[in-house]
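**Q** missing the sequence, but the structure's below:
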């Protein structure tokens, strides 16, 4: 069955960095968009970044542009989210997702979701 497993979350001080990983298995994702979303306490889940597994278009939400980078390792079937210059407002559970409708920012366009990994940014 399809599995998306996130890892790499944790606690970091403001200004620090973390790299999240999303290991995908169970099917071929070459035609899928791979997205990252996050959900802070008491808030709705929101789009963070997305990239096609095959490369090409990459989108970021404005609040993370120039700080976060999405990338992938095809050999390892893994997508990454490099997060630099982290801020307290980046604190959330981060989710990896896969969808067939291109580089969408909408949750409903994604078919598969991981279980999430907690990122906490505080001093």
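**A** Noted; the coordinates are in hand. Everything numeric in this text was worked out from a predicted model, so none of it was measured.
**Q** okay, CA-based contacts and neighbour counts for the rest of this
**A** OK.
**Q** Residue 65: how many residues sit nearby?
**A** Residue 65: 12 surrounding residues under other Cα atoms under 10 Å.
**Q** now residue 62
**A** Residue 62: 9 surrounding residues under other Cα under 10 Å.
**Q** Same question for residue 93.
**A** Using other Cα under 10 Å, residue 93 is surrounded by 18 other residues.
**Q** With residue 78 instead?
**A** Using other Cα under 10 Å, residue 78 is surrounded by 19 other residues.
**Q** Hmm, it is touching residue 72, no?
**A** Yes: using Cα atoms under 8 Å, residue 78 is in contact with residue 72, at 5.7 Å.
**Q** how about residue 105, what does it touch?
**A** 47, 49-50 (Cα atoms under 8 Å, 6 or more residues apart in numbering).
**Q** just residue 51 next, same as before
**A** Neighbouring residues of residue 51 by Cα under 8 Å, 6+ apart: 33-35, 57-59, 70-71, 103.
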